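Just the structure for this:
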Amino acid sequence: MAARPTRPARPARPAPAAEPLPREVSLARIVAQGLVPATAAPDPVEAVRRQLAIQGQQVSAIPHAIASRTGEAVGMPQIDEAFGAGGLVRSWPMRGTVHITTAADYHWMREALLHRMASWMRADEERFGHGSAGLERAASAAWQAIERAADQGRPGCTRAELIEAWQAEGVLPDLIAAGADDSYAKRHLIVGLHAVGALVQGPRSGGEHLVIDARRLPDTRTGPGGSGGAAQGQEGHRAALAEIARRYATSHGPVSAADLSRWTTMPKREAARALQDAVEMTNAEGYAADPASGAVPLARGLATGGARGSLELMEPGGTVPRGAETLYLRADLPDLLAAHRAQAERTRFLASFDELHVGYKDRSCLTDAAGERLICPSMNGMFRPILVDRGRVVAVRPVGAGLIWADSARRSARLERDVERAVRAVEERLAR
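I've put the predicted structure just below:
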């Protein structure tokens with residue numbers, strides 16, 4: 001019997017494109033981020049504490065990001081003082097990316113997420129020989145270099161001095177395998193020592209943050225896990241993840257579990273559990289709410305209707321419609337947005353790597369694909385400063401260059417005037 005001819009396989013249908021988040025989500029995020037006077041922090045340390053962490057990859061952009069979230073009275077002197085007095089530090093507390101945190105939050109947060117960097121650390125051990133014994137030797141030499149700087153009246157040592165100390169102590173020849181990229185290996189040794197809590201960066205000097213001894217910072221027991229610790233496998237780990245989720249949703253919301261997963265590298269399921277734990281914790285009887293400091297009940301919400309849609313809170317215990325994604329936000333955010341909408345819609349000039357852009361997986365409410373290419377044209381992780389008007393990116397202003405308008409921007413005399421005013425205000429503020 002002749003074989004029955006086979007039908008050609010039908011081409012697979014492409015997955016439907018996800019609808020962009022409504023502009024309402026972008027405006028709500030602006031309010032939650034402390035970018036309007038009503039939610040701005042009184043000082044740099046409080047601004048960072050509310051965010052839990054802000055990107056610090058580009059040193060020159062850090063003051064801009066912090067100043068954007070504080071009252072008008074805060075300028076460079078207050079920001080430098082926050083680092084100089086030990087209130088703020090710079091390190092790699094999560095996902096192998098440089099962030100600014102408060103000194104009080106640093107160790108417990110770092111330990112809660114350290115396991116997410118374990119494979120990276122193991123790969124470096126194999127590639128460069130940075131085993132635990134090698135890290136201990138490098139840490140010891142670094143601490144001695146920091147002590148020498150203190151004897152000279154300086155709060156820490158530079159990166160160059162750190163490398164010199166390792167060379168003098170014979171650490172680098174033993175740690176860097178033959179044929180390895182020397183500069184790359186040094187960088188990863190520095191990151192590794194920050195990741196394990198030996199070093200951290202503090203006061204600014206010139207164009208860098210000096211390296212200081214991280215052992216002097218408040219330890220993990222001062223965090224949400226208390227004596228139960230914060231690291232994976234310890235009793236306080238879940239409480240630490242819930243506090244990370246609470247701080248993130250309060251300061252970045254509306255956010256999804258996918259957003260938190262990307263921000264921390266937690267698996268999405270773990271991120272969803274942490275967010276739900278945060279909702280239950282902040283709605284529990286006896287929770288010490290303090291809206292002025294961001295200690296507020298969290299709620300679940302939904303974004304509906306695509307780009308022109310709306311943001312709605314869900315009833316407690318309500319079910320999520322099929323295909324929709326749960327958003328988490330401070331329960332008073334819709335009211336805050338209604339009261340301060342005009343401020344949220346104002347034109348603002350934000351730093352390279354600003355959390356309003358890089359702090360989310362889904363930022364379709366803020367810009368489109370063309371806008372993403374404008375912000376990061378080489379797709380190499382280097383982001384340009386952005387101009388946001390009425391919740392959308394309208395232009396970028398590369399450092400040392402002129403303004404570049406987004407294709408989607410509806411240019412007008414009003415917009416051009418407001419963009420110029422926003423840039424000038426930031427430059428004058430940081431020059432004070």
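
alpha carbons only for contacts and neighbour counts from here, please
OK.

okay, now the domains of this structure?
The chain breaks down by automatic domain parsing into domains covering 40-235, 345-431.

ranges for the strands of the stretch 151-300 of the chain?
Using DSSP state E, counting those that start in this stretch, the strands of the stretch 151-300 of the chain run over residues 199-205, 208-213, 298-304.

which stretch among the ones you listed comes nearest residue 159?
Nearest of these to residue 159, taken as CA to CA: strand 208-213 at 7.0 Å.

on that earlier part again, packed most tightly, which of the domains of the chain would that be?
Counting by mean count of other CA atoms under 10 Å, domain 40-235 has the highest mean neighbour count of these, with a mean of 19.

end to end, how far does that one reach?
By CA to CA, to the nearest Å, the extent of domain 40-235 from end to end equals 35 Å.

quick one, what contacts residue 98?
55, 56, 57, 90, 91, 92 (CA atoms under 8 Å, 6 or more residues apart in numbering).

again, 10 Å this time
For residue 98, the contact set (CA atoms under 10 Å, 6 or more residues apart in numbering) comprises 53, 54, 55, 56, 57, 58, 59, 90, 91, 92, 191.

my read: the fourth one touches residue 358, true?
In this case it means residue 56. No: with contact defined as CA atoms under 10 Å, residue 56 does not count as touching residue 358 (11.5 Å).

Overlap of the contact sets of these two?
residue 352.

So for the spatially closest residue to residue 352 that is not a sequence neighbour, what pLDDT did the model give?
Closest residue in space to residue 352, ignoring its immediate chain neighbours: residue 385 at 4.0 Å, by CA to CA, 6 or more residues apart in numbering. At residue 385, the pLDDT value in this model is 97.

what's the answer for the one 5 residues further on, then?
pLDDT, residue 390: 97.

got it, and residue 227?
So residue 227 comes in at 95 (pLDDT).

State the distance from the residue lying closest to it once chain neighbours are set aside to residue 233.
Nearest-residue entry for residue 227: residue 221, 5.0 Å, with adjacent residues in sequence omitted and distances by CA to CA, 6+ apart. As judged by CA to CA, residue 221 and residue 233 stand 15 Å apart.

pLDDT weak spots in the stretch 1-150 of the chain?
1-18, 123-132 (pLDDT under 70).

ok, which stretches of it are helices?
Assigned by DSSP state H, counting those that start in this stretch, the stretch 1-150 of the chain shows helices spanning 23-32, 44-51, 62-67, 76-84, 103-113, 118-128, 132-151.

Which of those sits closest to residue 329?
Residue 329 sits nearest to helix 23-32 of all the helices of the stretch 1-150 of the chain, at 8.5 Å, using CA to CA.

Off-centre distance for the closest one?
Centroid separation for helix 23-32 versus its chain: 17 Å, with CA atoms, centre = their mean, to the nearest Å.

between that helix and helix 44-51, what angle do the directions make?
Computed with axes from the mean of the first three to the mean of the last three CA atoms, to 10 degrees, the direction of helix 23-32 lies at 140 degrees from that of helix 44-51.

Next, count neighbours for residue 327.
The number of residues packed near residue 327 is 24, by other CA atoms under 10 Å.

Now do the same contact list for it.
Here residue 327 is in contact with 25, 249, 253-259, 275, 299-303, 311-314 (CA under 10 Å, 6+ apart).

thinking again about what came up before, okay, the residue nearest to residue 227: pLDDT?
Residue 221 is given a pLDDT of 94.

List the contacts of it.
107, 108, 227, 228, 229, 230, 236.

and it, how far is that from residue 93?
Residue 221 is 17 Å from residue 93, by CA to CA.

where's the residue positioned nearest the centre of the chain relative to residue 293, distance?
With distances taken as CA atoms, centre = their mean, the residue of the chain nearest its centroid is residue 54 (3.9 Å). Separation of residue 54 from residue 293 (CA to CA) stands at 17 Å.

could I get the domains of the chain as CSV with distance to residue 264?
Shown next, in CSV, are these (distance: least, CA to CA, whole Å):
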stretch, distance to residue 264
domain 40-235, 6
domain 345-431, 10
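
how about those domains, which one is nearest residue 241?
Nearest to residue 241, of the domains of the chain and by CA to CA, is domain 40-235 at 6.9 Å.

Chain neighbours aside, what residue packs nearest to residue 349?
Distances taken as CA to CA, 6+ apart place residue 387 nearest to residue 349, at 4.7 Å, with adjacent residues excluded.

Doesn't the one you found belong to a strand?
Yes: assessed by DSSP: H, G, I helix; E, B strand; the rest coil, residue 387 belongs to a strand.

re the thing from before, so the residue nearest to the centre of the chain sits against residue 355, correct?
Yes: contact criterion CA under 10 Å: residue 54 and residue 355 qualify, at 6.4 Å.

Determine the residues that are contacts of both of these two.
Common neighbours of residue 54 and residue 355, counting by CA under 10 Å, 6+ apart, are residue 65.

hmm, back to that, what's the distance between the residue nearest to residue 227 and residue 231?
Distance of residue 221 to residue 231, computed by CA to CA: 11 Å.

joint contacts of the two?
Common contacts of residue 221 and residue 231, defined by CA under 10 Å, 6+ apart, comprise residue 108.

if we can go back for a sec, gap between the residue nearest to residue 227 and residue 99?
21 Å.

Ok, residue 411 next?
Using CA to CA, residue 411 is found at 34 Å from residue 99.

and what of residue 231?
Counting by CA to CA, the gap from residue 231 to residue 99 is 19 Å.

What ranges in the stretch 301-432 of the chain fall below the confidence cut-off?
For the stretch 301-432 of the chain, the ranges with pLDDT under 70 are 379-380.

And the strands in it, which stretches?
Listed in chain order, the strands of the stretch 301-432 of the chain (DSSP E, counting those that start in this stretch) span 310-313, 327-330, 348-350, 386-389, 392-396, 404-405.

List the neighbours of the last one that are in contact with it.
When contacts are defined by CA under 10 Å, 6+ apart, strand 404-405 is touched by residues 371, 374, 375, 386, 387, 393, 394, 395, 396, 397, 398, 411.

now the residues you listed as TSV including distance to residue 70?
Below are these laid out as TSV (distance: CA to CA, whole Å):
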residue	distance to residue 70
371	27
374	27
375	24
386	18
387	18
393	21
394	23
395	23
396	22
397	22
398	23
411	29
